[in-house]
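Undergrad: Any chance you can model this:
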Amino acid sequence: MSDTIPPPPPSPRFNTPEGVELHLAALVELVPQLRPLRDKVGAIPPRINPSGFAGIAKVVCGQQLSVQSAAAIWKRFEALPGALTPAGYLALDEETIRTTGFSRSKVLTVRTIAAAVLDGSLDFNAVDALPADEAIRTLVALKGIGPWTAEVYMLFCAAHPDVFPAGDLALLKAVQHGLGLDSRPSIKQMVGLAADWSPHRSAAALLFWRYFAFLRDREGILL
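TA: Next comes the predicted model:
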């Protein structure tokens with residue numbers, strides 16, 4: 001009998017450097033085509049935000065914005081008294097919230113989320129524990145939350161290991177370049193491609209986001 005001890009399985013949640021590395025190792029073992037990309041980009045740290053109301057508010061803040069713009073707006077928003085709790089947020093008037101840079105639609109989306117938490121129809125502890133597909137269906141049932149917002153929440157806030165935000169433009173560009181595709185995949189095509197990377201789709205998302213940054217910094221590409 002061999003004395004070799006098998007490696008531990010990947011962390012069920014994607015919230016530690018060790019867990020990320022285990023999932024990345026399992027991903028490139030599953031899909032050797034991705035190993036050259038993994039070798040190029042170096043360390044890929046976890047990107048974890050708080051779960052619950054504050055976490056999803058931060059994801060909504062970042063919708064359709066650059067990382068830099070979203071960070072500046074979020075810094076102003078989180079400084080508002082009570083903004084990071086449902087009751088505190090609902091106590092703020094729209095004009096005050098919009099001075100931070102939130103659009104009216106984002107103000108209303110976060111109001112919908114806050115109200116759902118307070119009336120008990122949305123329980124983030126329960127959502128975070130669901131399988132990713134079920135959790136995403138629960139979140140997108142709320143007005144203003146689309147698939148990208150739900151998927152990014154599940155990946156970065158709930159630390160789910162098997163989520164790929166197929167509508168993310170940077171991911172679509174990175175996948176096209178990294179896989180040598182003739183054209184940028186559609187969202188539907190991306191969903192199909194990413195299915196082959198399950199149960200490590202979150203690792204694939206981090207890998208391609210990091211690859212996109214690598215290409216931008218090294219080659220200045222515009223895809």
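Undergrad: what's in contact with the biggest helix by length in the chain?
TA: For the chain, the longest helix by residue count, based on DSSP state H, is helix 201-219. Helix 201-219 is contacted from outside by 14, 20, 23-24, 26-27, 31, 34, 37-38, 40-42, 44, 46-47, 155, 160-165, 168, 170-171, 173-175, 177-178, 194, 197, 221, using Cβ atoms under 8 Å, 6 or more residues apart in numbering. For the C-beta atoms, the positions are set from N, CA and C on the backbone; glycine is no exception.
Undergrad: if we go to 6 Å?
TA: With contact meaning Cβ atoms under 6 Å, 6 or more residues apart in numbering, helix 201-219 is reached by 14, 23-24, 27, 37, 41, 44, 155, 161-164, 170-171, 174-175, 178, 194, 197, 221.
Undergrad: Buried residues in that helix, which are they?
TA: Of the residues in helix 201-219, 201-212, 214-215 count as buried by neighbour count, 16 or more other Cβ atoms under 10 Å.
Undergrad: thinking again about what came up before, what about the contacts of helix 201-219, which are in helices?
TA: Counting by DSSP H, the part of the contacts of helix 201-219 found in helices is 23-24, 27, 37, 41, 155, 170-171, 174-175, 178, 194.
Undergrad: Just give me the closest of those to Ser103.
TA: Ala170 (21.0 Å; Cβ to Cβ).
Undergrad: That closest one: neighbouring residues, count only.
TA: By other Cβ atoms under 10 Å, 17 other residues sit near Ala170.
Undergrad: Which pLDDT value does the model give it?
TA: You'll see Ala170 listed with a pLDDT of 93.
Undergrad: quick one: contacts for it?
TA: If a contact means Cβ under 6 Å, 6+ apart, then Ala170 has Phe212 as its contacts.
Undergrad: Kindly supply the PyMOL command isolating those of the contacts of helix 201-219 that are buried.
TA: Here is the PyMOL command that picks out the buried ones among the contacts of helix 201-219, judged by 16+ other Cβ under 10 Å:
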select buried, resi 14+23+24+27+37+41+44+155+161+162+163+164+170+171+174+175+178+194+197
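Undergrad: excluding its backbone neighbours, what's nearest the most centrally placed residue in the chain?
TA: What sits nearest the mean C-alpha location of the chain, by Cα atoms, centre = their mean, is Val152, with 2.5 Å. Excluding its sequence neighbours, the residue lying closest to Val152 (Cβ to Cβ, 6 or more residues apart in numbering) is Val59, at 5.0 Å.
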